[in-house]
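>>> need the 3D shape of this:
(2 chains)
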2 protein chains.
Amino acid sequence: MQYSSQYLEALVRSLSRLPGIGGKTAQRIAFHLLRVPTEEALALARAIEQVRTKVGSCRECGNIAETQPCYLCADAKRDRTLLCVVEQPSDVVLIERTGQFRGLYHVLRGALAPAEGIGPEQLGLERLRERVQAAAFREVVVATNPTGPGEATAHAIAELLAGAGVRITRIARGVPVGADLELADSVTLTRALEGRKEL
Amino acid sequence: MQYSSQYLEALVRSLSRLPGIGGKTAQRIAFHLLRVPTEEALALARAIEQVRTKVGSCRECGNIAETQPCYLCADAKRDRTLLCVVEQPSDVVLIERTGQFRGLYHVLRGALAPAEGIGPEQLGLERLRERVQAAAFREVVVATNPTGPGEATAHAIAELLAGAGVRITRIARGVPVGADLELADSVTLTRALEGRKEL
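Down below sits the predicted model:
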């Protein structure tokens, strides 16, 4: 036993499994949780428990939700002719933060990865098609990640919705704002050149 | 609301309070906890709860303990003539990891900081004196931090135990092993020169 308590040992092990948390940080957090007022430590435990017992998926868009439908789908002020398709709930947060998109979302909860057994069925692409056909969207913005699986998913969606009478767009890939050109890889630079616009 | 769930919001806020966890990492961990199997997320919640409800302080040494006394104090193979004084339970882990110390510990749970109301009484220095006088220690190694409060505490302990017929030592301060000299500040370098030894 590395620590003088099996419970501390279990906590460090559990914390080490979190993304971005190495062994040293896990230990630091565990001792921190032992030191703070009991109330504060238990509040974290309760927050984890509640997020897993009280948060579900929106039956409309697949985003995390406490209500059916979620507050975004229920919001009468959103533009119901615009749909943005993303991989994860966290992507919705990122796009909402820009303040530039006022439409609805469709959260796939993943991207095509046949090798890992994630095909069109697992992503519910058929459900996406039905949703688009049943509603009056004029544009579907595909905002899956600019990675292999994300691009494959984007292409599958474009094929799936071809003929549905809706404009299908893909978010621009290019050089990130605020970084030097030399930091961009050549694939990104190629996309940036291809996507150039009049000044 | 930044997220589509008040529970997610509360979890991110709670995670952001942990040491070494910024806003971005907190969000990443929260979404991770929403994605993993329920069992895994709840295991972390339970681990936090148990560490606060089942782990206490050893009445002998002040270290975290599940039993009275703790497993270190109860271990018949430890050298009962050697005592190492540290500030925090995490310091015990660090020293145990070196495999170089086989004595007992005394955990102060802090260091002298009069401005924050932490004096000799809050650290239980009198209890330390009683413990040393009642036992047959031949050496007390003071391993408080090489910081202002840690040094002040070390001096207070040296005064407190003067005349108790026990050797009082302080861990060496010097240049950290494996780093270039130019990375050491001049106070550390001064201590390293003062503490020089024959080659």
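>>> contacts only, for A:A192.
A:173-175, A:184 (CB atoms under 8 Å, 6 or more residues apart in numbering or on different chains). Any C-beta I mention is one placed from the backbone N, CA and C, and that applies to glycine too.
>>> which of the residues you listed count as buried?
A:174-175, A:184 (16 or more other CB atoms under 10 Å in any protein chain shown).
>>> tell me, what residue is most central in chain A?
Centrality entry for chain A: nearest residue to the mean C-alpha point is A:Q88, 2.1 Å, by CA atoms, centre = their mean.
>>> separation between it and B:Q27?
Between A:Q88 and B:Q27 the distance is 11 Å, computed by CB to CB, to the nearest Å.
>>> and for A:G150?
20 Å.
>>> what helix or strand does A:V85 sit in?
Following DSSP states H and E, one finds A:V85 within strand A:82-86.
>>> is stretch A:46-64 up against chain B anywhere?
Yes. If you take CB under 8 Å from any CB of the partner chain as the test, stretch A:46-64 does meet chain B, through A:46-52, A:54-55, A:63-64.
>>> also stretch A:143-163?
No. Using CB under 8 Å from any CB, stretch A:143-163 never reaches chain B; the gap is at least 14.3 Å.
>>> check which residues of that stretch are buried.
Buried residues in stretch A:143-163 (16+ other CB under 10 Å): A:143-146, A:149-151, A:153-154, A:156-157, A:160-161.
>>> surely A:V132 is in a helix?
Yes. According to DSSP: H, G, I helix; E, B strand; the rest coil, A:V132 belongs to a helix.
>>> sorry, back to before: pick the one among the buried residues of stretch A:143-163 closest to chain B.
Nearest to chain B among the buried residues of stretch A:143-163, counting by CB to the nearest CB, is A:N145 at 14.3 Å.
>>> let's verify the closest one: helix, strand, or coil?
coil.
>>> what's the local residue count around the closest residue to it other than its chain neighbours?
The shortest distance from A:N145 to any non-neighbouring residue, by CB to CB, 6 or more residues apart in numbering or on different chains, is to A:E87 (6.0 Å). Neighbourhood size, A:E87 [other CB atoms under 10 Å in any protein chain shown]: 20.
>>> who's in contact with A:E87?
A:107-111, A:144-145, A:150, A:153.
>>> rerun at 7 Å
A:108, A:110-111, A:144-145, A:150 (CB atoms under 7 Å, 6 or more residues apart in numbering or on different chains).
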